[in-house]
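S.K.: sequence unknown, structure follows:
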């Protein structure tokens, strides 16, 4: 395609700068890829209605693209070089026109997709990958024989004599570039694009052989090609598209092996002798497999939102790379009647078909397992939710019965003499314990579904510290902190309460206040005990009683927070913990 | 709020309605209140019935259990106050889901007490409620404080979002830390009455905001046209 010195005179035999030549050479590739992208975007839109429909569109798009290139090779050889350029320009215009609705569909994302397109970042990333994939052909165009020769450290003439090596090198470059891009797009995109392009590449050579076997004006040529594309689309549309596509791929490989054996290792005899029936069979099957396999990968990819952005350009580039490799080989082998393909190329094609069959069945299996796993997770979610509902119900009935009676005993007990007093106190303790347990359970149930493993709520655990002598004030909503920080804070509050119990006096009461501020969380523990002079915590630390100093200050300092202790004899004491939020920590 | 003269005269007893679905409990509360000199005009077990009876019973104070079998407590408060804005609601709650309590405070309840409060505490709370003085437990103060912070944390708060003044925040924090009004007054070197006013204002702004929000919602939904 890009033999040096030819480019400048390719169109209308006029001279023009080499850069224009590059652009003109890119035209067919860009046209194909844009058309495919546009069609695939429509398929992505259709996916909302039915995965089968989108699979059919994909199969049609890539199946006809496959045949289009084969036919195009024929046309360019029959009609001269300016017609294909016009034809490609028309394709390019169609692709550009289709791109607008495609972009619109893609921007909205697919709400029904199993794995949604994801956030803005992921969507932009997919678009960029698609655009880069379109740019890969530029790279391939730039790799003229001269460029490749200098890259490989050999001369242009050596490479010219070994066109197979040149073609292989082009194919390798395309494969590496596209694989890297697909890897960035995600493992589903990689698997889908590789599977689809293996099928596309496998089909190219046998299709060319079969085309050569039929006369240029033979209606069988178009008929066979069209029925192959239709068969591929049909297979893509059925529910069993994966096993049927696999079977078709294996069958095609078998037919190719048989053709190879029947021609005693010279499949080009099919073309030379214009043997119609096997050629038509091969044409139909190859077109069908190309479409069916690509279509079968579509639902898996559509669910990831990767269909138009990734599958189209990647498959397009891989197939173009392969085509270019083949054309480089063909350059020496064009006779006046048909293009001869080296006999060795049919066996690799058959093997590629087998690989495509294997890959598509593997992809189908992986998709099935993923779906199963998602279902299992969903079932687990439902189980957990019903457990939470049951806990709520239980909590309500405890509230309606037990708590009311406890409150009543507490209220009426004192009127019944000394024993009644004891009973009331006992009921009071149990009531507070039960109430704080219910409160922390309720908070846990409320926050659990959306809480990630990395943050934890403070409201539940702190309310759980309520006791007859401890009152807790919190906001109504959960106050989230990183889990490690939250547990340190709760431990520090416990230490402060221990301290009150030990040092503030027998009948001291305590209050816990939790406040969520714009840039941090504040927890205050106040008591109305005997208090202490401000210097006492420092004395205690020196005396080796590290309770307050280490347990509270240390824990809070570890979280990047500060502790303030304020007390005056006779006025109780107040410990305040301030935990600043990390800048990205806000919900 | 207590300068309307309605409950000041000691010889006119305060009229109280008790709403609670637990029969023994509500009889006990009614008995204690009656013994303390209150005029218990109705003792009712359901929210809907309470709303129906209120115009006839004309209570000054409604002692309302937040968890009723037929209607959510918030709804009962809203409809009682819609029919007679002068009614003062003291809510009682046994388990007290914090969001429910906060919603009730926003809907216009003037106070919140846990059910296990001693009879003397209840009677004092009813007296304060009748006088229009919010009965703020530690828990309620924490909730109101949290609500103001939540409203302020919205990235672009609307212009009419209520805000606490620095002093109001200070007072509310001290209430939430368990200090009595007297202790707060001493600490801030202000009068008892000033502390009361600050607490009243902080709750009043929230009530007002809630009413504005409800009206706005009604207009947005086109409910005002049906009415």
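M.R.: Okay, I see it. The structure presented is a predicted model; accordingly, all values stated were derived computationally and were not measured. Residues are numbered from 1 along each chain as shown, chains lettered A, B, ... in the order given.
S.K.: Return the residues of chain B in contact with chain A.
M.R.: B:22, B:24-25, B:28, B:67, B:94-99, B:101-102, B:114-116, B:118-119, B:137-139, B:141-143, B:145-147, B:149-150, B:152-153, B:173, B:176-179 (Cβ under 8 Å from any Cβ of the partner chain). C-beta coordinates here come from the backbone N, C-alpha and C atoms, glycine included.
S.K.: Just the buried subset of those, please.
M.R.: Under a neighbour-count criterion of 16 or more other Cβ atoms under 10 Å in any protein chain shown, the subset of these counted as buried comprises B:22, B:25, B:28, B:67, B:94-98, B:101-102, B:114-116, B:119, B:137-139, B:141-143, B:145-147, B:149, B:173, B:176-179.
S.K.: picking up where we left off before, so of the residues of chain B next to chain A, which ones are in helices?
M.R.: The subset of the residues of chain B next to chain A located in helices under the criterion DSSP state H comprises B:24-25, B:28, B:98-99, B:101-102, B:119, B:138-139, B:141-143, B:145-147, B:149-150, B:152-153, B:173, B:176.
S.K.: the domain parsing of the chain - what is it?
M.R.: No chain was given, so I picked chain A. Split into domains by automatic domain parsing, chain A comes to A:16-378, A:454-587.
S.K.: That was the other one, I meant chain B.
M.R.: Taking automatic domain parsing as the domain assignment, the record places the domains of chain B at B:12-135, B:140-226.
S.K.: can you list those domains in CSV and add distance to residue A:493 and mean pLDDT?
M.R.: Compiled in CSV, those are given as follows (distance: least, Cβ to Cβ, whole Å; pLDDT from 0 to 100):
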stretch, distance to residue A:493, mean pLDDT
domain B:12-135, 18, 86
domain B:140-226, 14, 82
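S.K.: and of these, who's closest to residue A:458?
M.R.: When those are ranked by proximity to residue A:458, the top entry is domain B:140-226, at 11.8 Å, counting by Cβ to Cβ.
S.K.: Skipping adjacent residues, who's closest to residue B:93 in space?
M.R.: Spatial nearest neighbour of residue B:93, chain neighbours left out: residue B:66 (4.1 Å); criterion: Cβ to Cβ, 6 or more residues apart in numbering or on different chains.
S.K.: what's the spacing between the one you found and residue B:90?
M.R.: Here the distance between residue B:66 and residue B:90 works out to 11 Å (Cβ to Cβ, to the nearest Å).
S.K.: What average pLDDT does stretch A:467-475 get?
M.R.: Per-region confidence: stretch A:467-475 scores 87 on mean pLDDT.
S.K.: next one: stretch A:371-378
M.R.: In this model, stretch A:371-378 carries a mean pLDDT of 78.
S.K.: Where do the strands of chain B begin and end?
M.R.: If DSSP state E is used as the criterion, the strands of chain B fall at B:15-19, B:39-44, B:61-65, B:88-93, B:111-114.
S.K.: Then chain A?
M.R.: Along chain A, counting by DSSP E, strands occupy A:455-457, A:470-473, A:480-482, A:510-517, A:520-527, A:562-567, A:573-580.
S.K.: Could you tell me the angle between the fourth one and strand A:573-580?
M.R.: What separates the directions of strand A:510-517 and strand A:573-580 is an angle of 20 degrees, with axes from the mean of the first three to the mean of the last three Cα atoms, to 10 degrees.
S.K.: Relative to strand A:510-517, what are the paired strands and their orientations?
M.R.: If you go by DSSP bridges, strand A:510-517 pairs up with strand A:470-473 (parallel), strand A:520-527 (antiparallel).
S.K.: Switch these over to TSV; also include mean neighbour count.
M.R.: Shown next, in TSV, are the strands paired with strand A:510-517 (neighbours: other Cβ atoms under 10 Å in any protein chain shown):
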stretch	mean neighbour count
strand A:470-473	24
strand A:520-527	23
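S.K.: can you put these in JSON lines and add distance to residue A:294?
M.R.: JSON lines is the format used below for these (distance: least, Cβ to Cβ, whole Å):
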{"stretch": "strand A:470-473", "distance to residue A:294": "63"}
{"stretch": "strand A:520-527", "distance to residue A:294": "54"}
